[in-house]
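1. got a predicted structure plus its sequence, pasted below:
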Amino acid sequence: MSRTRKSRSRGLYGHYSEAARRGDLAELLDLVADPDLDLELLALIAPEIRDKDADAGLIYRVLDNPACSEAVAARYTTHPDADVRLRVATFPKIGSAVLEMLAVDADDRVREVAERRLAAKDDRRADRGA
């Protein structure tokens, strides 16, 4: 990474962190929706917005950001809002370990999606082995 890009990233991280500390939802919604946000910045900011009081719309934007990884998405596996957990279950890059946790979720919708995705992964593995 070039020195200019590193400086920009540090500046953005400071900006994101300050917005998270202030609880400035409007600013965080805009910042997290930035398609140029890289995984490193998204991963550093995501813990700031994972608590039980975090706005679900903000978490959705984190999950919708192209830079969002499985590790970032998995942070929301135990979120108290079933709709957030459902979004994690439908996250394209989510792995089997997280899906197994969600397959025993208290919410029927979350369980069904997780079970269906696990079955599809098992079917793909069986097809490759055949």
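-> Sure, I can see it. Owing to the predicted nature of the structure, the values given are computational and were not obtained by experimental measurement.
2. which strands and helices sit next to the longest helix anywhere in the chain?
-> Ordering each helix of the chain by length in residues (DSSP state H) puts helix 108-129 first. When contacts are defined as 3 or more C-beta pairs under 8 Å, 6 or more residues apart in numbering; DSSP states H and E, helix 108-129 sits against helix 82-89, helix 96-102. (C-beta placed from N, C-alpha, C; glycine too.)
3. next, the angle helix 82-89 makes with it.
-> 10 degrees (axes from the mean of the first three to the mean of the last three C-alpha atoms, to 10 degrees).
4. of all the helices and strands packed on helix 108-129, which one is nearest residue 37?
-> helix 82-89 (18.0 Å; C-beta to C-beta).
5. distance between that closest one and the chain's centre?
-> Its chain's C-alpha centre and that of helix 82-89 lie 10 Å apart, by C-alpha atoms, centre = their mean, to the nearest Å.
6. past the lowest-mean-pLDDT helix or strand in the chain, which element shows up next along the chain?
-> None of the helices or strands of the chain scores lower by mean pLDDT, DSSP states H and E than helix 3-22, at a mean of 66. Downstream of helix 3-22, the first helix or strand assigned by DSSP states H and E is helix 25-32.
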